[in-house]
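> What would the 3D arrangement of this be:
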Amino acid sequence: MTANVIAAPHPKPAPTISAYNKPYWDAARQHELRLQRCAECGRFWAPPGPICPLCFSGEFTWEQASGQGVITSLVTFHKSYHPEFDNDLPLAAALVELAEGPRLITNIVQADGTPPASGMPVEVVFEDHADFSLPQFRPVRPASGTRPPTPQG
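I've put the predicted structure just below:
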């Protein structure tokens, strides 16, 4: 298992796959974070859709994103609203701004006792399930011998 893949602790509800988001979920299954990029204005966007939300062009490609981002907002749930998330409490749900610009709603995992905070750098990890892989984010781990980044805020 590679460093950016984590084992699923228990089953999760499967995503709803559509014609618009199938390339996203297919890439996640390959442990890649792919986003749509407009062929006209060059903007990346998420969530997937049929046209660029900036210039309305229908011409786009799917490109691999860096998987790096920063938490811009978060909430920690102490109550489960779905039985398959009961064992994940407390659950940190965050809005992560990717280096490419789009923001994703995601979970923060593997915080290792460090409470997630706004401004904290994060990186994508993939939680493998039977039929899909779920992109989530964890705090960036500092290189050996360096201090961890501190959130601005």
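> Just give the nearest non-adjacent residue to Gln110, would you?
Leaving aside its chain neighbours, Gln110 sits nearest to Arg138 (4.0 Å; criterion: Cβ to Cβ, 6 or more residues apart in numbering). All C-beta spots, glycine's among them, are computed from the backbone N, C-alpha and C.
> helices or strands up against the one helix or strand that neighbour maps to?
In the assignment (DSSP states H and E), Arg138 maps to strand 133-139. Counting contacts by 3 or more Cβ pairs under 8 Å, 6 or more residues apart in numbering; DSSP states H and E, strand 133-139 packs against helix 22-29, strand 103-108, strand 121-128.
> Let me see the contact set for the residue nearest to Gln110.
By Cβ atoms under 8 Å, 6 or more residues apart in numbering, the contact set of Arg138 is Ile108, Val109, Gln110, Ala111, Val122, Glu123, Val125.
> Isn't the third one up against Ile6?
If I follow you right, that is Gln110. Yes: counting by Cβ atoms under 8 Å, Gln110 does reach Ile6; the two are 6.9 Å apart.
> what do the two both touch?
Common contacts of Gln110 and Ile6 (Cβ under 8 Å, 6+ apart): Val125.
> which one of the two has more residues nearby?
Ile6 (18 against 14; other Cβ atoms under 10 Å).
> just how off-centre is the helix or strand hosting the more buried one within its chain?
Element membership for Ile6, per DSSP H and E: strand 5-7. How far strand 5-7 lies from its chain's middle: 14 Å, per Cα atoms, centre = their mean, to the nearest Å.
> Packing partners of that strand?
Partner elements for strand 5-7 (3+ Cβ pairs under 8 Å, 6+ apart): strand 121-128.
> chain center to the strand it packs on, what's the gap?
Once both centres are worked out by Cα atoms, centre = their mean, strand 121-128 turns out to sit 6 Å from its chain's centre.
> by how many degrees do it and helix 22-29 diverge?
Counting by axes from the mean of the first three to the mean of the last three Cα atoms, to 10 degrees, strand 121-128 lies at 90 degrees to helix 22-29.
> In the sheet, which strands lie alongside the lowest-mean-pLDDT helix or strand in the chain, parallel or antiparallel?
Across the helices and strands of the chain, mean confidence by mean pLDDT, DSSP states H and E is lowest for strand 5-7: a mean of 80. According to DSSP bridges, strand 5-7 forms sheet pairs with strand 121-128 (parallel).
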